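>>> Provide a 3D model corresponding to the input given below.
(chains A, B, C and D)
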Number of protein chains: 2
Amino acid sequence: MDQAAEAIADPIRRAILRMVRDERLTVGEIAARFPVSRPAISRHLRVLRESGLVRDDLSGRHRYYSLNPDGLAELHQWLSTLMTPAGWEQRLDALTTEVYRTRKDNRETA
Amino acid sequence: MDQAAEAIADPIRRAILRMVRDERLTVGEIAARFPVSRPAISRHLRVLRESGLVRDDLSGRHRYYSLNPDGLAELHQWLSTLMTPAGWEQRLDALTTEVYRTRKDNRETA
DNA sequence: CGGAAGCGTAACCTACGGGTTACGCGTTCA
DNA sequence: TGAACGCGTAACCCGTAGGTTACGCTTCCG
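You can find the predicted model right below:
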């Protein structure tokens, strides 16, 4: 979780996450949408990858990046428990987790 | 939201957030639990305050810090929309937001 | 009152994050 | 098969985040 919290601190990395939410993109495609060099984007992607927020699939000389919902879920869960006072039952968090877990299963079995 | 995402990047600030989740604490009380100087903690608290994650109540020469759930909710919502694919209905997010908003109203009318 | 307690801020130093260019390796295709 | 493409990494530079000490302003209390 610590690495993920650090990863989303950078505005470029947050923008990348939004980009690869729905479509898988190559490094070049991502870099083309930013005013910084391709190696810089490559390092941002490395940070996101090592923090578990994105995944990469190699295909020939291309490397496709896509969102990894599991990494996001960790952060999401951390924020949930932080927002939840001591006395409050964690029923809602359990519901949220359950729903996302179900979606994940659906993805994997598709 | 951007400021909040930056604020939680630091491990000390994340620990502070967990500390003031249930009880309001003074700067001295917080600083006593870290191996860094009090001015350093004071600046961390300033970052958290300006990012909307904590609130401060002055009482004499003491300054009590407590969690501000509204700030957390923003980040929480951002992660929710990020985890939610394009086709997915946002019913769950709406439910989550509604529940937290209701709790907030209860706090304010108490 | 005057000193101590509690806190914020300024000034300073250092480590590190993020930018760039240069380079090397694997893959494609004319 | 050799040239071009796609990408990762190393080396380097610079700005800034986060640490410290020194200082000043309120607020409490003997």
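>>> distance of the nearest residue to residue A:69 once chain neighbours are set aside from residue A:73?
Computed as Cβ to Cβ, 6 or more residues apart in numbering or on different chains, the closest residue to residue A:69 that is not its neighbour in sequence is residue B:83, at 5.2 Å. Where you see a C-beta, it was placed from the backbone N, CA and C, and this is true even at glycine. Residue B:83 sits 7 Å away from residue A:73, going by Cβ to Cβ, to the nearest Å.
>>> Show me which of the two is the more surrounded one.
residue B:83 (22 against 19; other Cβ atoms under 10 Å in any protein chain shown).
>>> Surely that one touches residue A:76?
Yes: shown here, residue B:83 and residue A:76 form a contact pair, counting by Cβ atoms under 8 Å, at 6.5 Å.
>>> State the distance from the residue in chain A that DNA strand C sits nearest to to residue A:26.
For chain A and DNA strand C, the shortest gap (Cβ to the nearest atom of the strand) falls at residue A:60, measuring 2.3 Å. To residue A:26, residue A:60 is 11 Å away according to Cβ to Cβ.
>>> Overlap of the contact sets of these two?
Shared contacts of residue A:60 and residue A:26 (Cβ atoms under 8 Å, 6 or more residues apart in numbering or on different chains): none.
>>> So between these two, which is more surrounded?
Remark: of residue A:60 and residue A:26, residue A:26 carries more neighbours, 15 against 5, as counted by other Cβ under 10 Å.
>>> could you measure the closest residue in space to residue A:28 that isn't next to it in sequence against chain B, distance?
Nearest residue to residue A:28, sequence neighbours excluded (Cβ to Cβ, 6+ apart): residue A:38, at 6.7 Å. Separation of residue A:38 from chain B (Cβ to the nearest Cβ, to the nearest Å): 24 Å.
>>> hang on, residue A:38 packs against residue A:44?
No: here residue A:38 lies out of contact with residue A:44, judged by Cβ under 8 Å, at a distance of 10.6 Å.
>>> Which residue of the two possesses the greater neighbour count?
Comparing residue A:38 with residue A:44 by other Cβ under 10 Å, the one with more neighbours is residue A:44, at 22 against 13.
>>> returning to that earlier point: residue contacts, the residue nearest to residue A:69?
Applying Cβ under 8 Å, 6+ apart, we find residue B:83 in contact with A:69, A:72-73, A:76, A:100.
>>> and the residue of chain A found nearest chain B, what are its phi and psi?
Of all residues in chain A, residue A:9 sits closest to chain B, at 3.6 Å by Cβ to the nearest Cβ. The phi/psi pair for residue A:9 (degrees, to the nearest 10) reads phi -70, psi -30.
>>> Could you do residue A:64 as well?
Per-residue torsions, residue A:64: phi -90, psi 130 (degrees, to the nearest 10).
>>> name the element residue A:55 belongs to?
strand A:54-59 (DSSP states H and E).
>>> Now do the phi/psi pair for residue A:51.
Taking degrees, to the nearest 10 as the convention, residue A:51 sits at phi -90, psi 0.
>>> residues contacting it?
A:3-4, A:6-7, A:71.
>>> now do 7 Å
A:3-4, A:7, A:71 (Cβ atoms under 7 Å, 6 or more residues apart in numbering or on different chains).
>>> re earlier: and the contacts of residue B:83, which is closest to residue B:14?
Using Cβ to Cβ, residue A:76 comes nearest to residue B:14 of those, at 14.7 Å.
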